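Peer 1: got a predicted model here, sequence first, then my questions.
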Amino acid sequence: MWIYNLGLILYVWAIALASLWHRKAKLWIDGRKGLFDRMKETIDPSARIVWIHAASLGEFEQGRPLIEKIRKEHPEYKILLTFFSPSGYEIRKNYDQADYIFYLPIDTPGKARRFLDIAHPEIAIFVKYEFWINLLTELRRRSIRSYIVSAIFRRNSIFFRPYGGYWRTALESFDTIFVQNNESRKLLGELGFDNVVVAGDTRFDRVAEIASAAKKIPLIDRFKGNERVFVAGSTWGPDEDLLIRLINDNPSVKFIIAPHEMEEHRIERLINETHGGAVRYTQCTEETPLDNKQLLIIDTIGILSSVYGYAEWAYIGGGFGVGIHNTLEAATFGLPLAFGPNYEKFKEARDLVTLGAATPVHSYEELKAWFTPLHDDMQILEQRSRIAKDYTLSHQGATNLILKSIF
């Protein structure tokens, strides 16, 4: 315990030091200043609280179907939403389906007690991961019903290592552990946990909602015209190295690229190296001619999920770095996918590869070999598209199963 608590203190010191020059670190520190005072001023002490914790933006999207269904079906509860990361909190701090939104305090014993004193949740729901031991210990001590949803466990994680006993005790705080797959259930069974339910992944419910509510974007309509469109989402530099070549080799196809981070030099590179002409989304007006542009760069946030609805093919970025980004937002529209080689830790990506709806690529030659038959043969395109769509449809329902168990 003392090693864990000391590690947390050192972690905070490191972030505080980094905050002198790193914007996200500064947001992390500043967002927690006066946290408990703000919570006391805001949270109704008589309210019945469901507390939902998401590490960052991706986990929030995973938990969002639960939040919105609780809001709709259990109005007797107020919803407290917490984030660990600025990339989640800063984007969703004004989310209107939660009553209270805060950063999660650092997990020291004193802060854990103070947080729960003020928040006084009846139910605590953690999304996917984040096993804060002091908070979980305090939840168990207070007999607060606690759950983790859409969790996934692997043999190489700390819980299954010889020195993982301390972390295994954290899992004892959960009334039910809702996991994504049978492999996770079996692994937890080896540790003696029988309170495990294979519920699936709530992201499938979320992307289904996104697809059904996809917005029509007049500018994208004009850009597409009567042409076929290839969308590349959340791209990084190595992804763009391949995509620029693909664009220039396929002048009859329209391309839309949404960089993961809108760094000016990368946007300029896309514009300068695209032979068929490129334009930035934020610089377009109703009068901007788009029929003579081959590439549209999405240099804003919040519309990528709707943009996928205009595509025939998609590329998901991040696979040449720490890992690919969200494949399900594209797959739910029935798009065959390509991405870089680092995808193995994402179950849905592995599933889509196995089914033939997605293909990992290591080079431009492999990307071209994937794209050419999908471009030239409508039958192959329709077959792969149907596989992707059917996969997302067949995995819906986790949200209802989880909430039926909790409430």
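Peer 2: Happy to help now that I have it. From a predicted model like this one, the values you see are computed outputs, not experimental measurements.

Peer 1: and the next helix or strand past the helix or strand harbouring L367?
Peer 2: Element membership for L367 (DSSP states H and E) is helix 364-376. Following helix 364-376 in sequence order, the next helix or strand is helix 378-394 (DSSP H and E).

Peer 1: what's in contact with that next one?
Peer 2: 204, 207-208, 312-313, 328, 330-337, 348, 351-352, 355-358, 373-375 (C-beta atoms under 8 Å, 6 or more residues apart in numbering). Yep, even glycine has a C-beta here, placed from its N, CA and C like the rest.

Peer 1: just the endpoints, please. Distance across stretch 299-319?
Peer 2: 21 Å (C-alpha to C-alpha, to the nearest Å).

Peer 1: mind checking how far it is from the chain centre?
Peer 2: Here stretch 299-319 shows a centroid-to-chain-centroid distance of 14 Å under the convention C-alpha atoms, centre = their mean, to the nearest Å.

Peer 1: repeat that for stretch 1-10.
Peer 2: On the basis of C-alpha atoms, centre = their mean, stretch 1-10 sits 28 Å off its chain's mean C-alpha point.

Peer 1: can you check stretch 382-398 too?
Peer 2: Worked out by C-alpha atoms, centre = their mean, stretch 382-398 lies 19 Å from the chain centre.

Peer 1: equivalent analysis for stretch 334-347, please.
Peer 2: 14 Å.

Peer 1: next one: stretch 263-271
Peer 2: 25 Å.

Peer 1: what about the helices in the stretch 151-300 of the chain?
Peer 2: 165-171, 182-190, 203-212, 218-224, 237-249, 264-273 (DSSP state H, counting those that start in this stretch).

Peer 1: of all the ones you listed, which lies closest to F407?
Peer 2: Between F407 and those, the shortest gap by C-beta to C-beta is with helix 203-212, which sits at 16.3 Å.

Peer 1: surely I67 and I101 touch.
Peer 2: No: in this structure, I67 is not within contact of I101 by C-beta atoms under 8 Å, at 10.7 Å.

Peer 1: give me the common contacts of those two.
Peer 2: In terms of C-beta under 8 Å, 6+ apart, I67 and I101 are both contacted by the residues L81.

Peer 1: comparing these two, which residue is more hemmed in?
Peer 2: Between I67 and I101, counting by other C-beta atoms under 10 Å, I67 is the more crowded of the two (21 against 18).

Peer 1: contacts only, for the more buried one.
Peer 2: Contacts of I67 (C-beta under 8 Å, 6+ apart): I52, I79, L81, Q97, A98.

Peer 1: got it, and A54?
Peer 2: Per C-beta under 8 Å, 6+ apart, neighbours of A54: F60, Q62, G63, L81, T82, F83, F84, G88, V127.

Peer 1: give the contact list for the second one.
Peer 2: I take that to be Q62. By C-beta under 8 Å, 6+ apart, Q62 lies in contact with A54, V127, K128, V149, S150, D201, T202, R203, R206.

Peer 1: in the strand or helix carrying it, what's buried?
Peer 2: Using DSSP H and E, Q62 falls within helix 57-73. Residues of helix 57-73 classed as buried: 57-71 (neighbour count, 16 or more other C-beta atoms under 10 Å).

Peer 1: farthest pair within the residues you listed?
Peer 2: So, the buried residues of helix 57-73 by C-beta to C-beta: farthest apart are G58 and R71, at 20.6 Å.

Peer 1: and stretch 86-101, what's buried?
Peer 2: Neighbour counts over stretch 86-101 (16+ other C-beta under 10 Å) mark P86, S87, G88, Y89, E90, R92, A98, D99, Y100, I101 as buried.

Peer 1: closest to G165 out of these?
Peer 2: Using C-beta to C-beta, G88 comes nearest to G165 of those, at 30.4 Å.

Peer 1: right, and that closest one touches E61 too?
Peer 2: No: G88 lies out of contact with E61 (C-beta under 8 Å); the separation is 9.4 Å.

Peer 1: tell me the pLDDT of S305.
Peer 2: Note on S305: pLDDT of 90.

Peer 1: centroid-nearest residue for this protein?
Peer 2: In the chain, the C-alpha nearest the mean C-alpha coordinate belongs to G58, at 2.2 Å (C-alpha atoms, centre = their mean).

Peer 1: wait, that residue sits on G323?
Peer 2: No: the criterion here is C-beta under 8 Å, and G58 misses it with G323 at 11.0 Å.

Peer 1: gap between W2 and K111?
Peer 2: 16 Å (C-beta to C-beta, to the nearest Å).

Peer 1: repeat that for L10.
Peer 2: Separation of L10 from K111 (C-beta to C-beta): 16 Å.

Peer 1: so which of these two has more stuff around it?
Peer 2: Using other C-beta under 10 Å, the more surrounded residue of L10 and K111 is K111, with 19 against 10.

Peer 1: now do the helix-or-strand element of the chain with minimal mean pLDDT: which elements does it pack against?
Peer 2: Lowest by mean pLDDT, DSSP states H and E among the helices and strands of the chain is helix 2-18, with a mean of 81. Packing partners of helix 2-18 (3 or more C-beta pairs under 8 Å, 6 or more residues apart in numbering; DSSP states H and E): helix 23-30.

Peer 1: give me the neighbour count for L290.
Peer 2: L290: 18 surrounding residues under other C-beta under 10 Å.

Peer 1: hang on, it packs against F223?
Peer 2: Yes: the pair L290 / F223 is scored as a contact, 4.6 Å apart, by C-beta under 8 Å.

Peer 1: any common contacting residues for these two?
Peer 2: Contacts common to L290 and F223, judged by C-beta under 8 Å, 6+ apart, are L296.

Peer 1: what's the closest of the contacts of I67 to R168?
Peer 2: The closest of the contacts of I67, once distances to R168 are taken by C-beta to C-beta, is I52, at 23.9 Å.
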